[in-house]
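Visitor: what's the 3D shape of this:
(one chain, ligands or ions: 3)
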Amino acid sequence: MNHYSTSSIEHFVVSARQMAAIEQRIFDLGMPVAALMEKVAGLITQRLIDLFKGVSKVGIIVGPGHNGGDAAVVARELHLKGYNVAIYRPLNKGKELTQAHLDYVKSLGVTITNHLGELESCEVIVDGLFGFGMTRSLDGELANAVKTINQWSIPVVSIDLPSGIHTDTGEVLGSAIAADYTFCLGLWKLAFFQDTALPYLGKPTLIDFGIPLADVEAVVKESTVVKRMSANLARSLLPLPRPLVTHKYKQGHLLIIAGSYQYAGSVILAGLGARKSGVGMVSIAAPASLKPMLVTHLPEALIIDCPETTEGAIAELPSVATQWEKYNAVAVGPGLTLDAQSLLSPILDAPIPLILDADGLNLLAQMNPEKTLKSRHQTTILTPHPGEFRRLFPNLDATDTITKVQTVAKASNSCILIKGARSAIAGNNQETWVIPESTPALARGGSGDVLTGLLSGLVAQSHPQKLSPTTITAIAATWHAQAGIMASQQQSELGVDAFTLTQYLTQFVMGNQFDT
Ligand SMILES: NC(=O)C1=CN([C@@H]2O[C@H](COP(=O)(O)OP(=O)(O)OC[C@H]3O[C@@H](n4cnc5c(N)ncnc54)[C@H](OP(=O)(O)O)[C@@H]3O)[C@@H](O)[C@H]2O)[C@@H](O)CC1
Ligand SMILES: Nc1ncnc2c1ncn2[C@@H]1O[C@H](COP(=O)(O)OP(=O)(O)O)[C@@H](O)[C@H]1O
Ligand SMILES: [K+]
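Guide: Numbering: from 1, shown residues only. Ligands and ions are numbered 1, 2, ... in the order given. Below is the predicted model:
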């Protein structure tokens, strides 16, 4: 049953501009700014108290905007609860509300200083320097202060965002606080899903302070909506339960075109990924000499022997591999090598969903990708890692992953997944998903091949909920990442080879270990 709605607060991801517009709507409708700040800071304070039991001295960095205002209220509350609080205020300017809170907290006897050294004896530091209103790079004294704080071994909690991180692109603006925890306020911001920001976020959590869904939808409906695919949401969207009366071809028939003498294992890994997707039938077109090995590892698959080049790549596809009406989806790429040059053109005409990865992408890179993709009449999904993406679209000037997938998806009429520590997916209708969790345990040869098989097997199955290819890609990426997390918890970060990963894919579906 689908208990997880894509339109709950935790699934929206907003830009700084969208956040400011949502906030403004709430204020325009009558919510006093000061009341909202009070509410938010109360929640931050409680979470700090819960997180840092036994701590008595807390340092609070107060910046000039409302991020600083939040921090000043937290300082007051902690002081009133008996904590020893010191405020570091590096800039002698502030918005009116922030200044008012600082004046009051000072009257209570809390130290306010512009000497960073005062914070060195604190057990926790709260970073309220800048939030989503940060517009310019940090430099000079401010940048030095950030560097010094990062060198201390005092835990840092950033309010809303680590100060210095660009809210949308996740870039470091000059320098940035490397937080241990980040309490993101109200709605997830784009930076939380950008690889560049990841080393600065620590453990990110959302503080839901009750933004009405109507205000979010009023703002994001006219611009691009970015959604966060949680594990629970992905699991609830799987094509389950299967119909009682069905047969293997009704559960999808996937054709995988992959492998070469040089890269024989990649086709096995893609096959194992497909196996775990639950797809009804898998056919594999691979160099004929690989057949004995493939039958050993994937006894359930139909192997289509392909003639080989002298280097052991697929020389051509037998006619059964291009009878597209037999298949519900075709995955092309893992381990093909560039010798399989002549292969791609006829496949691009396939009137069924096409998933391109690895050498499938490298072959595409040689033939004007944008124009080629645009001429396809069926779904195309590309799953590049950043290197493959650069090869495909070398002239794109977007800096961050989310903008990259959105730009290319639109221009090429395709669905694009850029894989990384935080993967992002966009479709031609601008549907965009980010994947909130993963593990560096997956940074190993072959884990992408597993994803290709898993994703393609999911695409080939009929989906009772009529999901878009973009949503299915986001589900597969989440499934893959969560299996990696589970495998690394049980086998260590060093123990998750691609084969081991495939063994954890089923556990994700079973679900009880996951509750994000
Ligand atoms: N959204 C919500 O619902 C809620 C939001 N809330 C909170 O408000 C925060 C956003 O507040 P905000 O808009 O005041 O921005 P914030 O980041 O504190 O500061 C920007 C200030 O810094 C300045 N400045 C910028 N760059 C600079 C630089 N390099 N070096 C020096 N100065 C620089 C810039 O001024 P400028 O000098 O550009 O005129 C501006 O004054 C948000 O993150 C959250 O914590 C909650 O309280 C309630 C609910
Ligand atoms: N640092 C990381 N953290 C989380 N996931 C990662 C990290 N590095 C790589 N991955 C994931 O591992 C997979 C690697 O895919 P890819 O580079 O195509 O591997 P291969 O081609 O060797 O199969 C992708 O799903 C990617 O998102
Ligand atoms: K901050």
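Visitor: where are the low-confidence patches of the protein?
Guide: With pLDDT under 70 as the threshold, the chain has low-confidence stretches at 1-6, 222-223, 512-516.
Visitor: tell me how it divides into domains.
Guide: According to the domain assignment given by automatic domain parsing, the chain is divided into the following structural domains: 9-223, 231-510.
Visitor: can you list those domains in TSV and add distance to ligand 1 and mean neighbour count?
Guide: Where C-beta positions appear, they are placed from N, C-alpha and C, glycine not excepted. TSV is the format used below for the domains of the chain (distance: least, C-beta to the nearest ligand atom, whole Å; neighbours: other C-beta atoms under 10 Å):
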stretch	distance to ligand 1	mean neighbour count
domain 9-223	2	19
domain 231-510	19	21
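Visitor: what residues does the stretch 1-150 of the chain put near ligand 3?
Guide: 67, 127 (C-beta under 5 Å from the ion).
Visitor: now do 6 Å
Guide: On the criterion C-beta under 6 Å from the ion, ligand 3 has as its neighbours in the stretch 1-150 of the chain the residues 67, 127-131.
Visitor: pick out the most distant pair among those.
Guide: Taking C-beta to C-beta as the measure, those span a maximum distance of 9.7 Å, between Asp127 and Gly131.
Visitor: helix, strand or coil for Val58?
Guide: For Val58, the secondary structure call by DSSP: H, G, I helix; E, B strand; the rest coil comes out as strand.
Visitor: wait, it touches Ser121, no?
Guide: No - because the distance of 10.9 Å does not satisfy C-beta atoms under 8 Å, Val58 is recorded as not touching Ser121.
Visitor: now the chain against ligand 2: closest residue?
Guide: Relative to ligand 2, the nearest point of the chain is Gly448 (2.1 Å; C-beta to the nearest ligand atom).
Visitor: residues contacting Ala21?
Guide: Counting by C-beta atoms under 8 Å, 6 or more residues apart in numbering, Ala21 makes contact with Val219.
Visitor: distance of Val459 relative to Ala100?
Guide: Val459 sits 56 Å away from Ala100, taking C-beta to C-beta, to the nearest Å as the criterion.
Visitor: circling back: between Asp127 and Gly131, which contacts overlap?
Guide: 159, 163.
Visitor: distance of Asn428 from Val405?
Guide: Computed as C-beta to C-beta, the Asn428 to Val405 distance reads 11 Å.
Visitor: I should have written Glu141 there, sorry.
Guide: Counting by C-beta to C-beta, the gap between Glu141 and Val405 amounts to 38 Å.
Visitor: what ranges do the strands span in the stretch 251-400 of the chain?
Guide: 253-257, 281-287, 302-306, 329-332, 354-356, 380-382 (DSSP state E, counting those that start in this stretch).
Visitor: these into a markdown table, with extra columns for distance to Ala424?
Guide: Formatted as a markdown table, the strands of the stretch 251-400 of the chain follow (distance: least, C-beta to C-beta, whole Å):
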| stretch | distance to Ala424 |
| --- | --- |
| strand 253-257 | 25 |
| strand 281-287 | 28 |
| strand 302-306 | 34 |
| strand 329-332 | 21 |
| strand 354-356 | 17 |
| strand 380-382 | 13 |
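Visitor: out of those strands, which is closest to ligand 3?
Guide: Using C-beta to the ion as the criterion, the shortest distance between ligand 3 and the strands of the stretch 251-400 of the chain is 35.7 Å, found for strand 380-382.
Visitor: what is that closest one packed up against?
Guide: For strand 380-382, the contact count by 3 or more C-beta pairs under 8 Å, 6 or more residues apart in numbering; DSSP states H and E identifies strand 354-356, strand 415-418 as packing neighbours.
Visitor: kindly recompute the last result at 6 Å.
Guide: With contacts defined as 3 or more C-beta pairs under 6 Å, 6 or more residues apart in numbering; DSSP states H and E, the packing partners of strand 380-382 are strand 354-356.
Visitor: what's the spacing between Ser468 and Leu43?
Guide: Counting by C-beta to C-beta, the gap between Ser468 and Leu43 amounts to 35 Å.
Visitor: repeat that for Gly280.
Guide: For Gly280 relative to Leu43 (C-beta to C-beta), the value is 48 Å.
Visitor: please enumerate the helices of the stretch 401-516 of the chain.
Guide: Taking DSSP state H, counting those that start in this stretch as the criterion, the stretch 401-516 of the chain contains helices spanning 401-412, 447-460, 469-491, 498-510.
Visitor: send the alpha carbons of the second one over as PDB?
Guide: Okay, so that is helix 447-460. Taking C-alpha atoms only, helix 447-460 is exported to PDB below (Å, rounded to 0.1, in the frame of the first residue of the first chain):
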ATOM      1  CA  SER A 447      28.300  -1.100  -8.700                       C
ATOM      2  CA  GLY A 448      27.000   1.000 -11.600                       C
ATOM      3  CA  ASP A 449      26.500  -2.200 -13.700                       C
ATOM      4  CA  VAL A 450      24.200  -3.500 -10.900                       C
ATOM      5  CA  LEU A 451      22.200  -0.300 -11.000                       C
ATOM      6  CA  THR A 452      21.800  -0.600 -14.800                       C
ATOM      7  CA  GLY A 453      20.300  -4.100 -14.500                       C
ATOM      8  CA  LEU A 454      18.100  -3.200 -11.500                       C
ATOM      9  CA  LEU A 455      16.800   0.000 -13.200                       C
ATOM     10  CA  SER A 456      16.200  -1.700 -16.500                       C
ATOM     11  CA  GLY A 457      14.400  -4.600 -14.900                       C
ATOM     12  CA  LEU A 458      12.100  -2.200 -13.100                       C
ATOM     13  CA  VAL A 459      11.400  -0.200 -16.300                       C
ATOM     14  CA  ALA A 460      10.500  -3.500 -18.100                       C
END
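Visitor: can you list contacts of that helix?
Guide: Contacts of helix 447-460 from elsewhere in the structure, counted by C-beta atoms under 6 Å, 6 or more residues apart in numbering, are 252, 254, 266, 269-271, 273-274, 277, 279, 328-329, 331, 334, 353, 355, 357, 472, 476, 480, 498, 501-502.
Visitor: this protein against ligand 2: which residues are in contact?
Guide: Proximity of the chain to ligand 2, by C-beta under 6 Å from any ligand atom, involves residues 358, 385, 419-421, 423, 438-440, 442-443, 445-449, 451, 480.
Visitor: quote the end-to-end distance of stretch 99-113.
Guide: End-to-end distance for stretch 99-113, by C-alpha to C-alpha, to the nearest Å: 14 Å.
Visitor: now do it: distance to the chain's middle.
Guide: In this view, stretch 99-113 has its centroid 40 Å away from the chain centroid, taken as C-alpha atoms, centre = their mean, to the nearest Å.
Visitor: and stretch 188-207, by the same measure?
Guide: Between the mean C-alpha point of stretch 188-207 and the mean C-alpha point of its chain there is a distance of 10 Å (C-alpha atoms, centre = their mean).
Visitor: please save the CA atoms from it in CSV.
Guide: Extracted in CSV, the C-alpha atoms of stretch 188-207 (Å, rounded to 0.1, in the frame of the first residue of the first chain):
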residue,chain,number,x,y,z
TRP,A,188,15.1,20.8,2.4
LYS,A,189,17.3,23.1,0.4
LEU,A,190,19.0,22.0,-2.9
ALA,A,191,22.5,22.2,-1.3
PHE,A,192,21.8,19.2,0.8
PHE,A,193,21.8,17.0,-2.4
GLN,A,194,24.9,18.4,-4.1
ASP,A,195,28.2,16.5,-3.8
THR,A,196,30.2,19.7,-3.2
ALA,A,197,28.3,20.5,0.0
LEU,A,198,28.4,17.0,1.4
PRO,A,199,31.7,17.3,3.3
TYR,A,200,30.3,20.3,5.2
LEU,A,201,26.8,19.1,6.1
GLY,A,202,27.7,16.6,8.8
LYS,A,203,24.5,14.8,9.7
PRO,A,204,21.6,16.7,8.2
THR,A,205,18.1,16.7,9.7
LEU,A,206,15.0,18.6,8.9
ILE,A,207,13.3,20.8,11.5
